[in-house]
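1. Predicted structure and sequence below. I'll ask about it afterward.
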There are 2 protein chains.
Amino acid sequence: MKSCLFLLLLFTQIAVFAQSPLTEQVRKYRQTNEHTFLSEFMGLLSIPNVVYDTVGIQKTAAYIVKMMEARGIKTELLEAKTKGVPPAVHGEVKVPGATRTVIFYAHYDGQPVNPNQWAEGIEPFKSVFLDASLEKGGKIIPVPKATEPINPEWRIYGRSASDDKAGVFAILSAYQVLKKLNIQPSVNIKFFFEGEEEAGSTHLAEILEKHADKLRSDLWIICDGPVHQSGRKQVVFGVRGDVNMEVKVYASKRPLHSGHYGNWAPNPAMMLVKLLASMKNDEGRVLIKGFYDDVVPFTETEKQAIARVPSVDEQMQNELGFARPDGGGKSLVELINLPSLNINGIASANVGKMAANVIPTSATVALDLRLVLGNDVQRQVQKVIDHIKEQGYYVTRNESITDEERMKYPLIARVQVGKGYNAQRTKMDLPIAQDVIKAIQSTVKEEIVLMPSLGGSLPLFLFEKYLKTPTITVPIANHDNNQHAENENIRIQNIWNGIETYVALMKM
Amino acid sequence: MKSCLFLLLLFTQIAVFAQSPLTEQVRKYRQTNEHTFLSEFMGLLSIPNVVYDTVGIQKTAAYIVKMMEARGIKTELLEAKTKGVPPAVHGEVKVPGATRTVIFYAHYDGQPVNPNQWAEGIEPFKSVFLDASLEKGGKIIPVPKATEPINPEWRIYGRSASDDKAGVFAILSAYQVLKKLNIQPSVNIKFFFEGEEEAGSTHLAEILEKHADKLRSDLWIICDGPVHQSGRKQVVFGVRGDVNMEVKVYASKRPLHSGHYGNWAPNPAMMLVKLLASMKNDEGRVLIKGFYDDVVPFTETEKQAIARVPSVDEQMQNELGFARPDGGGKSLVELINLPSLNINGIASANVGKMAANVIPTSATVALDLRLVLGNDVQRQVQKVIDHIKEQGYYVTRNESITDEERMKYPLIARVQVGKGYNAQRTKMDLPIAQDVIKAIQSTVKEEIVLMPSLGGSLPLFLFEKYLKTPTITVPIANHDNNQHAENENIRIQNIWNGIETYVALMKM
C-alpha cells in the first residue's frame, strides 16, 4: 500500500499538463507586441503613487481610467463615504450569454519610498531595465529599442513594479489581448482597482458597502503578492488574520545610574526579555496556554494540496542565510498554517554610540499575531494578555502609570492592541474554485501550486462580510521582488505569465 | 550577648558628634559672605563646558586659573602628550612645616546638553535659582539681592552645577576661607582639575604619567559624585570597576514579511531575549557560571562600616516608584558591593509608529558589567562570553557575518567589548584614611557615612598605577542632582557643607 502510494506520488510529481491552445494564441500575440505592452507599463510606473501623495494618486487613477477607456471599458471612480479618500477605479464589461461575473482586484497605490535607500541609478519613479536582479549582479541596461528582442529574465525596477501596478497592468492587458484576438470572454468582467491598500485599506469597507450593487459578482480574483518561491504559478484560497500588540513594561520613574543602583533597581529590559522568553520555546513553539486551540483543521482537499506544495525550505534558507529554521522540523508551508507570534521590534534606552550606563525606565516590544481559520482576534489577544498576567504582571491600557500602581505592583505592563482581523479561507472544492484551478493549470505544463492559505494577511474578510462573495488570490510577481522595500522590481517573464493567467480566468 | 549588641547599636545609632571650633569659624565667615561666594560660582557656571566644545573648555580652564591666581596659588595648565586635549588645571600651595601633601581632584568639564530637554526657563549655561527642586514643585526665583537672605534649601540649576563645578568651587572656596581667616593649612595642598572626565578620562593616564613629579602626594581627595541619599556626608574608599559589552545576534540577511515567514524564519529578537533571560534569575541574581567568584571579601572594618550605613532603600523605592527591588531581600548597599550585569539598552527593528510586520535581521543589546575588588575585566568578560557559547552561540568579533558562518551556525552572536577597568579600594584603616574620617566627622554632629565602595565607577586605578598613591572620594552634591541629565542642580546647603568639608581636610 505504502509503495503504491509512493509510486503514485512519484508519478504525479512528474506530471506534465497540457497547455491550452488559448494560451498559445495569447503568447504569440504578446510575443509580437512586447514593446507596446512594456511602453504602456513604463508609463504607468512613472507616476508617483505613494498613498499619501494625493496628486500622484489622482494622476495614477486617471492614467488607469485612460487605459480602460482605450479598451472600451465603461469606467468610473468609486468614492468612499469619507471625503478625500483615494477612489477605487471601477469598470465593467458585460458579456452576452455569460452567467457568471468575476471581479478582478488589484491596487494602484504603492508603499512610501526613501530614494536614498535605492541603488545607484535606480529611482522609484523612473523605472529602468536591469539584465538580472541586483542580488545576482544585475546591471542597468538601456530601454530596448523596437527592433531589439526582450529577454524575459530582465527586470524592471521601480516602486509598484510588482506591488501592485503589475496586477493592474496584467489584468488590463489580458482583456486587451482578448479584444485584439476577437475572443469573447466567458464571464462578465468587473474591475476594481483600490487606491489605499498600502495604508491598510482603511476605507475599503465603506466603498464596498456604499457601492455593493455595482460590485455584485460570483467571485473576486485578488491579484496581489508573489507566485510561489519555486517559481510556479500559485492559487491561494485564504489568508491568515493579523493583529498587532504593543507591550511596555515599567520600572523606575527616572533613568538610573547603573553603578549606583545596578543589582538593586529593577531593570525593565530584563523584565521584558524574561516575559518574552516565556512565550516561546527554543524551537519557536508558542507556550501561551491555548495558543493553538480553536484552529479549524484543514479539509482533506486542503491537506492534499498542502502535501503537493513543492518544498522551498532549503532554497529559502540558502537565500536568506540561516542555518536552522524554527518549528522543530515542520516545513514552512505547515508552519505558516499555524497561528504565530512574532517580535516585530523591541526597544529600551539606546545601543551603539548612544548607549549609556543607565537602568532604563521602560522597555517596549511590538508583536504581531497571525491568525488562522477558527482563531478569533479578541480571543487570541486575550490568551496573550492572560499569559502576561500569569507571569505576575498587572496589565493596564494606560500610558501613564500612577504612583499608587507603581508602589502596588512589582510588574506592570501596558498592553495596546491594534484593530486586527480574522483569517479568511475559501473552500477549494467550490465549483467556481475548481474552475479557477483548471483555468490556471491550462496555461502551464508544470503543476500549479494550490495554497489553502497564505502566510500573510489581507482584509479579505471584508468581501465576505459586505458582499457575501468568495475570494481567490492569484498572484503573479516573482517572490524576490523586494515588495515594500527599496529596489522593488518585476521579472518580465512574470508579467507575460500574468497576462496568460488572467486571460484564462476571463475565459474560464 | 545578643541584647548587649543591640543596646550598643541602639546607642551608636543616636551618637551625636562634636562639631569642631574650626567648622564654626568657617561657617560664620561663610554666612557673612554668601552673596560673594555665589556670585563667583554663578560666573563659573555661565561658561559652557561641554567636553567637545574646545573654546568653552579653554574659557572654563582660564576662569579657574583666574580664580586660583586671585587666591595667590601658583597655577599652571598640565597638557597631555597628545595635542589638543583639555589640559588639567594644576596648582600648589606649600605649607611651612607640613609633612604630608594632599591633592584635591575635581573636573571642570560637563556632560553634553540638549537644551530642549531642560525645563522651561532653565538653560544649561544661564544658571537660575529655584526655591526647591523641580520634582518638589520648585519655581524659578530672582537671583537674591545683596540684602536678601539666602535660603540654603534653594537650588541652583545649570550644567555642572553639581557635577563637577561644585567640586572645583568648593575646594577653591575652602582654601579661600582659610586664607581670609589667616589659618594655615596643616598639609601641603595641590589642586588638580581635570577637563576630560565626562569623555571617559581618555588622556588622564598620559597627564599623570607625564607630570608624575608634580603630582606626588600622600593622598588624592576625589571630589565627585553625590553625598549619601540619607543626606549625610559620606567618605568613599573605592569604586566598582566597569566594562561595556555589546552583543548582536543575527538571523535572516534581509527583513522578512512576518506573515509569509513567521513561525519558520528564526527571529533574532526572540533569540536575544532568550539569551538575556538565561543570564539572570527572577530576583536579578546573575546565573552566569562563576560570576560572583574572585570577589575579595570585605575586611572587618569594611563590614562594620557597611553595617552602619543608614538604609535608604525604602526612601529610594518611594522616590523612584517601584514596588520590588532586585536582590531577593538584600539591601542596596550590599548589592552595589557585588559584581553586576545590567541591560543598558536593547534594540531590534522598530516599535511604536515605525513598527512594521517584519522579522528583523538582527537584535542588539548594550550591557554593562560592574566589577568589585578581585574581579578582573578580562576574566569577567570571558565568563559572559563563555555563557553565550554555552547557550549554543558561535561568537565572533566581526560585524559582517559570512555566508559560510550563517549556514554553519544556527546561533551567531557578535560580541564587542569596551576598554573597561578594574575596581579600586583604599584600605579604611590606613592612618591617613583615619585622619580623613576624623576630619570630616569633625564638621558635623551626625555620624558620617563610611562607604567601602561606591556602586559607580571612576578610573581611580590610574592614580594607583601611575602615582602609587591612595585615593579617597569625598563627594558633596545632593543625591537628587540630575547628574548627567537635563535640569542638573545643586542644593545650596550642599555647597556650604562642601566648603566646611574641604577646610577640615586642608587642616587635618
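-> Arrived safely, thanks for sending.
2. switch to C-alpha atoms for all contacts and neighbour counts from now on
-> OK.
3. Flag every residue of the stretch 351-500 of chain A that's near chain B.
-> Applying CA under 8 Å from any CA of the partner chain, we find that the stretch 351-500 of chain A lies next to chain B at A:351-352, A:355-360, A:364-366, A:368, A:370, A:403, A:406-410, A:454-457.
4. If any of the residues you listed are buried, give me the ChimeraX selection for them.
-> Per 16 or more other CA atoms under 10 Å in any protein chain shown, the buried members of those correspond to this ChimeraX selection:
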select /A:351,355,356,357,358,359,360,364,365,366,368,370,406,409,410,454,455,456,457
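5. Number of residues surrounding the residue in the stretch 1-150 of chain A positioned nearest to chain B?
-> Nearest residue of the stretch 1-150 of chain A to chain B, counting by CA to the nearest CA: residue A:135, 11.5 Å away. Using other CA atoms under 10 Å in any protein chain shown, residue A:135 is surrounded by 7 other residues.
6. Over to residue A:473?
-> The burial count for residue A:473: 24, using other CA under 10 Å.
7. How about it: which residues does it bridge to?
-> residue A:222, residue A:236 (DSSP bridges).
8. who touches it in this structure?
-> By CA atoms under 8 Å, 6 or more residues apart in numbering or on different chains, residue A:473 lies in contact with A:221-224, A:235-238.
9. rerun at 10 Å
-> A:104-105, A:220-225, A:234-239, A:426, A:451, A:453-454, A:460 (CA atoms under 10 Å, 6 or more residues apart in numbering or on different chains).
10. Residue B:482 versus that one, what's the distance?
-> Distance of residue A:473 to residue B:482, computed by CA to CA, to the nearest Å: 58 Å.
11. count of residues packed around residue A:337?
-> Count around residue A:337 with other CA under 10 Å applied: 27.
12. Nearest spatial neighbour of the residue most central in space within chain A, chain-adjacent residues omitted?
-> For chain A, the residue sitting closest to the mean C-alpha position, by CA atoms, centre = their mean, is residue A:225 at 4.8 Å. Nearest residue to residue A:225 in three dimensions, chain neighbours excluded: residue A:475, at 5.2 Å (CA to CA, 6 or more residues apart in numbering or on different chains).
13. what's the distance between the one you found and residue B:298?
-> 71 Å.
14. likewise residue A:429?
-> 78 Å.
15. cool, and residue A:86?
-> For residue A:86 relative to residue B:298 (CA to CA), the value is 72 Å.
16. So if I had to pick from those two, which one is more boxed in?
-> More crowded of residue A:86 and residue B:298, by other CA under 10 Å: residue A:86, with 26 against 14.
17. Looks like the more buried one contacts residue A:198 (just checking).
-> No - with contact defined as CA atoms under 10 Å, residue A:86 does not reach residue A:198; the gap is 11.5 Å.
18. Touching both of those two, which residues are there?
-> Joint contacts of residue A:86 and residue A:198 (CA under 10 Å, 6+ apart) are A:51-52, A:108-109.
19. what sits against residue A:215?
-> A:90-92, A:101-103, A:190-192, A:207-209, A:463, A:467, A:469.
20. at 8 Å what do you get?
-> A:103, A:190, A:208, A:467.
21. quick one: what helix or strand has residue A:172 in it?
-> Using DSSP states H and E, residue A:172 maps to helix A:165-180.
22. helices or strands up against the helix or strand following that helix?
-> Moving toward the C-terminus from helix A:165-180, the next helix or strand (DSSP H and E) is strand A:188-194. Secondary-structure packing of strand A:188-194 (3 or more CA pairs under 8 Å, 6 or more residues apart in numbering or on different chains; DSSP states H and E): strand A:88-93, strand A:101-107.
23. Can I get the ones you listed in JSON lines including mean neighbour count and mean pLDDT?
-> Below are the helices and strands packed on strand A:188-194 laid out as JSON lines (neighbours: other CA atoms under 10 Å in any protein chain shown; pLDDT from 0 to 100):
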{"stretch": "strand A:88-93", "mean neighbour count": "22", "mean pLDDT": "98"}
{"stretch": "strand A:101-107", "mean neighbour count": "25", "mean pLDDT": "98"}
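24. Quick check: the gap between residue A:266 and chain B.
-> 5 Å (CA to the nearest CA, to the nearest Å).
25. How confident was the prediction at that residue?
-> Per-residue confidence (pLDDT) for residue A:266: 98.
26. Report how many residues lie close to it.
-> Applying other CA under 10 Å, I find that residue A:266 has 27 neighbouring residues.
27. Identify all contacting residues around stretch A:289-305.
-> A:338-339, A:372-375, A:380, A:383, A:387, A:428-429, A:449-452.
28. May I have the distance across stretch A:441-461, first residue to last?
-> Start-to-end, stretch A:441-461 (CA to CA) is 26 Å.
29. Rounded mean pLDDT for that stretch, please.
-> Per-residue scores along stretch A:441-461 average to 94.
30. just how off-centre is that stretch within its chain?
-> 12 Å (CA atoms, centre = their mean, to the nearest Å).
31. What residues of it count as buried?
-> A:441-444, A:446-461.
32. ditto for stretch A:278-292
-> A:278-280, A:284-286, A:288, A:291-292.
33. List the ones among the shared contacts of residue A:86 and residue A:198 that fall in helices.
-> Here DSSP state H is the test, and the shared contacts of residue A:86 and residue A:198 give no hits in helices at all.
34. ok, which stretches of the stretch 1-150 of chain A are helices?
-> For the stretch 1-150 of chain A, the helices defined by DSSP state H, counting those that start in this stretch occupy A:2-13, A:21-31, A:34-45, A:54-70.
35. Confidence-wise, which of those is weakest overall?
-> helix A:2-13 - the lowest mean pLDDT of these, at a mean of 44.
36. Now do the closest residue to residue A:71 other than its chain neighbours against residue A:185, distance only.
-> Of all residues not flanking residue A:71 in the chain, residue A:176 sits nearest, at 6.4 Å (CA to CA, 6+ apart). Per CA to CA, residue A:176 is found 11 Å from residue A:185.
37. Start and end of stretch A:468-484, how far apart?
-> End to end - CA to CA - stretch A:468-484 spans 30 Å.
38. hey, what's the residue lying closest to residue A:218 once chain neighbours are set aside bridged with?
-> Spatial nearest neighbour of residue A:218, chain neighbours left out: residue A:101 (5.4 Å); criterion: CA to CA, 6+ apart. Residue A:101 has the following beta-bridge partners by DSSP bridges: residue A:188.
39. circling back to that earlier point, want to throw the helices of the stretch 1-150 of chain A into a markdown table with mean neighbour count and distance to chain B?
-> Listed next are these as a markdown table, based on neighbours: other CA atoms under 10 Å in any protein chain shown; distance: least, CA to the nearest CA, whole Å:
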| stretch | mean neighbour count | distance to chain B |
| --- | --- | --- |
| helix A:2-13 | 11 | 24 |
| helix A:21-31 | 16 | 30 |
| helix A:34-45 | 17 | 24 |
| helix A:54-70 | 18 | 21 |
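40. for those, which one sits closest to residue A:415?
-> helix A:54-70 (34.1 Å; CA to CA).
41. Now do the closest one: everything it contacts.
-> Taking CA under 8 Å, 6+ apart as the rule, helix A:54-70 contacts A:44, A:47-51, A:74-76, A:86-87, A:89, A:91, A:108-109, A:172, A:195.
42. Now for the nearest residue to residue A:417 once chain neighbours are set aside: which residues touch it?
-> Computed as CA to CA, 6+ apart, the closest residue to residue A:417 that is not its neighbour in sequence is residue A:245, at 4.5 Å. Listed by CA under 8 Å, 6+ apart, the contact partners of residue A:245 are A:366-369, A:415-418.
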